[in-house]
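Participant: coordinates for the following, if possible.
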Amino acid sequence: MHLDIACLSSRGQFVIPRRFRDLLKLGTGSKLAIVCDGKHLLLRPIPRPETQAFKAVIDGANELAKKAAAKAKGGRK
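Facilitator: From the prediction side, this is the model:
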């Protein structure tokens, strides 16, 4: 486990130390889930969708669109 101290700004912001950002592969635009139990805050990175999984969804949608277009074209004859 790693420990560090962060200081809260007047706007309620703090910086996640670089070593933690590097360890968790966080960068600009990374999303974090924040959980509070009344005493503690838990920050949990929300992973970005994997490129391959996203590509599979797009490929599936394209295939469905092709089938729908072929069916519509066949239905007009």
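Participant: just for the chain, where's the confidence low?
Facilitator: Scanning the chain for pLDDT under 70 picks out 51, 75-77.
Participant: for the longest helix seen in it, give me every contacting residue.
Facilitator: Ranked by number of residues, the top helix in the chain under DSSP state H is helix 51-75. Judged by Cβ atoms under 8 Å, 6 or more residues apart in numbering, helix 51-75 makes no contacts with residues elsewhere in the structure. C-betas here are computed from N, CA, C, even on glycine.
Participant: how far off centre is it?
Facilitator: 25 Å (Cα atoms, centre = their mean, to the nearest Å).
Participant: now swap in stretch 68-77 and tell me
Facilitator: On the basis of Cα atoms, centre = their mean, the separation between the geometric centre of stretch 68-77 and that of its chain is 38 Å.
Participant: buried stuff in it?
Facilitator: Judged by neighbour count (16 or more other Cβ atoms under 10 Å), stretch 68-77 contains no buried residues.
Participant: could you chop this protein up by domain?
Facilitator: Taking automatic domain parsing as the domain assignment, the ranges for the chain are 1-46, 48-77.
Participant: which ones are touching the spatially most central residue of the chain?
Facilitator: Most central residue of the chain, judged by C-alpha distance to the mean C-alpha position with Cα atoms, centre = their mean, is residue 48 at 3.1 Å. For residue 48, the contacting residues are residue 30, taking Cβ under 8 Å, 6+ apart as the criterion.
Participant: quick check: it is in a strand.
Facilitator: No: using DSSP: H, G, I helix; E, B strand; the rest coil, the secondary structure at residue 48 is coil, not a strand.
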